[in-house]
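> everything below, folded, please.
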Amino acid sequence: MMKHSLIDYIFKEEHPDSDITTDDDHGFLNVNNCSQQHFTELLSQSKDSHLMNLHPRPGMPKPQTLVEYIIYLVHYIQQKTSNKYRPSGYWRYAIGVYKNLFLVFYFNWFAIFTSPLSSMAFILVYPTLSSALFAFEIGLKIFMDYLGGAKLVERISQDYGHSFSIINWGAPQLLLSPDTRRLIQTTLPVLGKTADATQMKGDVDHRHRTFDISIAETMTVLSSLIYERQDKKVTKAFKALSDFNKTQQPKQTYEQIELEMKRLVWESEKPIRKIARTYGLHFAGVTELKSLGGPFCGLYWPVHSDDYAVDPFIIVSFKGTTPQNYSEFLVDATLQRTDARAYLFGSAHEGFYDSLFPTSIDSGTDSRDPYYAIQSAIEEKARQLQAKFKTRKPVQIWVSGHSLGASLGVLLFARWLKCPQDIEPLCELRDAYLIGTPAVGDNDFASIFASHSNTPLTRSSTLWRIINKSDVICRIPPGYNNRTVGHYVPTTDFFNYSHVGHAVQITHPMLNPEPLEIYPSSYQPNLNVDIVVSSPYSPPPSSHHPQKTSTDPDPTSMLPLASSKQDLTANYPWWFRPFLRRVINPIPFIESFYPFFLRDHIPIHYFEGLERARGYYKKEKHV
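As a prediction, the model looks like this:
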């Protein structure tokens, strides 16, 4: 392990305003980098534990009587069981599922007769889902740890997928294409404009909204890019401090371990920063939410340049579900809802809500507050941007995310609709462009969300819920999603889920000549929506995806040479080698087995649908 000292990098404090990319390897020492909030959150829980070990409480009187011994013993058992012997992720999930199942019928056993469909779903779905997840956990454990699955995924990514995650390894051109760079670079000026500046001249209709295809494509790319965080380094950072706390005579000081943790977390985000910089953006992580190496939140903001004028803005982006990360599936599969009125309204999906907001369940065991980490990081970054860009205008705030990340984006956007004072007056909430979004709340949540989106009537902040063709994730959890039915349905009904915002359906070209169909969710009022393409960039004719050039990562150029193919197979598990010798590139073959309703969920297919829409609306002169 590398040893660092603050003295080695003291020169960094002398230039706190230097660009964080000037020395990317040591950027974690820049006090103006918004990742400082991220580091503080990562260290807080372990640091408290460390300080307790260094400074034990003063001696307390020993028990003298039998009653005092009993009290002491009960307290000791409580301390041990509440902190050290917490159940694993799956068993916490299973306990929550069956507790919810018990409470549903305990407080309303007549539901079997009054809501037979919902009762049947509770009885069948919960046990089936928990059993399936248990089998999936065992299968994933065997595949990843004992059959070499973890190394297999890593090797395929390195040899054939440009070292990208499973989400992006089949289409590296989405992130690396010059077309993508030009698209985003020409869209950035629009993101910095205020809502008033983007309205059409003479428009006084408060029911008018604008869906910008260029912004939607940009958010799709950035939501895809955030998957490229190297989670192993974050896990390694936590392990370093955990091992330090368990060692009686550590070889390094706490300050050295803390600095090493910061370095590892900073390096884990380096692939994102490197690619984002080519777009004209900075990036930094903000919070791990309540997981380790799973879903997390980061910020994008513009690079200050004298070459072109861009007003300051911040894009809040959430990482979605990683296919090989089991803990993220537990969050997705937590179908029961929880009371969300402490921060939001109505009831929300328990897994999503608990990932973003602190709850009473966390008291004493988890001091992390992801929402506060996001809010404070945005506030600090907004001040820095106003000073850097020499402006007093509010910094424009946008929200993006894909899959699980889109669900968290809905909850964050809902909080700012309810309480815009959390980010005002430094910031102004704009729109959320969310990709592949599941339902996150009940009918009360959807109803009050619609009310806040219209309060005041001049509020223009809009949540765009983009749906690609047959993407099944956008259609779960199953729900009535109907305002009339929602008026009568019980709060605890299994199917009491409703979508929010405005749906932007990417249609199938064989079924609908128009590439986009826009309609409000069940509780949203109908709006007059204009579809525009703000970026002047135009893709080549007949193109629905980023074009490859000589500088792009051509899939064939990333393949091993024929002479070295035999040597390459030695790096793969024995059972995979015969298959590898028969194919040029295993990634397209693997992805060919994806069901169409899951294939439509991958970001590149969203981008291709939006590219088709860009060409259509420019050709039809709808802009």
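> quick one: the strands in this structure?
208-212, 281-287, 297-302, 313-318, 337-339, 347-349, 395-402, 427-435, 463-468, 502-506, 516-520, 528-532 (DSSP state E).
> residue 75: neighbour count?
Using other CB atoms under 10 Å, residue 75 has 10 neighbouring residues. (Each C-beta comes from the backbone N, C-alpha and C, glycine too.)
> now swap in residue 574 and tell me
Residue 574: 10 surrounding residues under other CB under 10 Å.
> same deal with residue 150?
Using other CB under 10 Å, residue 150 has 13 neighbouring residues.
> re earlier: residue 133 is nearest to which of the strands of the chain?
In terms of CB to CB, the element of these nearest to residue 133 is strand 347-349, at 16.1 Å.
> which stretches of the stretch 201-350 of the chain aren't confidently modelled?
Along the stretch 201-350 of the chain, the model assigns pLDDT under 70 to residues 201-205, 248, 293, 326.
> quick check: longest helix in this structure by residues?
helix 116-141 (DSSP state H).
> please work out the average pLDDT along that helix.
Averaging pLDDT along helix 116-141 gives 88.
> helices and strands of the chain: which one bottoms out on pLDDT?
Within the chain, no helix or strand scores below helix 562-569, which has a mean of 56 by mean pLDDT, DSSP states H and E.
> ok so, going back, which among the strands of the chain is found nearest to residue 373?
Residue 373 lies closest, by CB to CB, to one member of those: strand 281-287, at 4.0 Å.
> and the helices in the stretch 501-623 of the chain?
562-569, 577-580, 586-591, 596-599, 603-619 (DSSP state H, counting those that start in this stretch).
> can you check the stretch 51-200 of the chain too?
Under DSSP H, counting those that start in this stretch, the stretch 51-200 of the chain gives helices at 66-83, 89-106, 111-114, 116-141, 149-160, 173-176, 178-191, 195-198.
> return the most buried member of those helices.
Among the helices of the stretch 51-200 of the chain, ranked by average contacts under mean count of other CB atoms under 10 Å, first place goes to helix 173-176 (a mean of 23).
> ok, back up a step: including distance to residue 416 and mean neighbour count, could the strands of the chain go into CSV?
Below are those laid out as CSV (distance: least, CB to CB, whole Å; neighbours: other CB atoms under 10 Å):
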stretch, distance to residue 416, mean neighbour count
strand 208-212, 17, 19
strand 281-287, 15, 25
strand 297-302, 14, 25
strand 313-318, 10, 26
strand 337-339, 20, 20
strand 347-349, 15, 26
strand 395-402, 8, 26
strand 427-435, 5, 26
strand 463-468, 11, 25
strand 502-506, 17, 22
strand 516-520, 20, 16
strand 528-532, 21, 17
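> can you put the ones you listed in CSV and add distance to residue 150?
Listed next are these as CSV, based on distance: least, CB to CB, whole Å:
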stretch, distance to residue 150
strand 208-212, 40
strand 281-287, 23
strand 297-302, 24
strand 313-318, 24
strand 337-339, 33
strand 347-349, 29
strand 395-402, 23
strand 427-435, 27
strand 463-468, 29
strand 502-506, 34
strand 516-520, 40
strand 528-532, 43
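> looking at these, spot the one closest to residue 574.
For the strands of the chain, distance to residue 574 was read as CB to CB. The smallest value, 35.2 Å, belongs to strand 395-402.
> quick one: that closest one to strand 313-318, angle?
Going by axes from the mean of the first three to the mean of the last three CA atoms, to 10 degrees, strand 395-402 is angled at 20 degrees with respect to strand 313-318.
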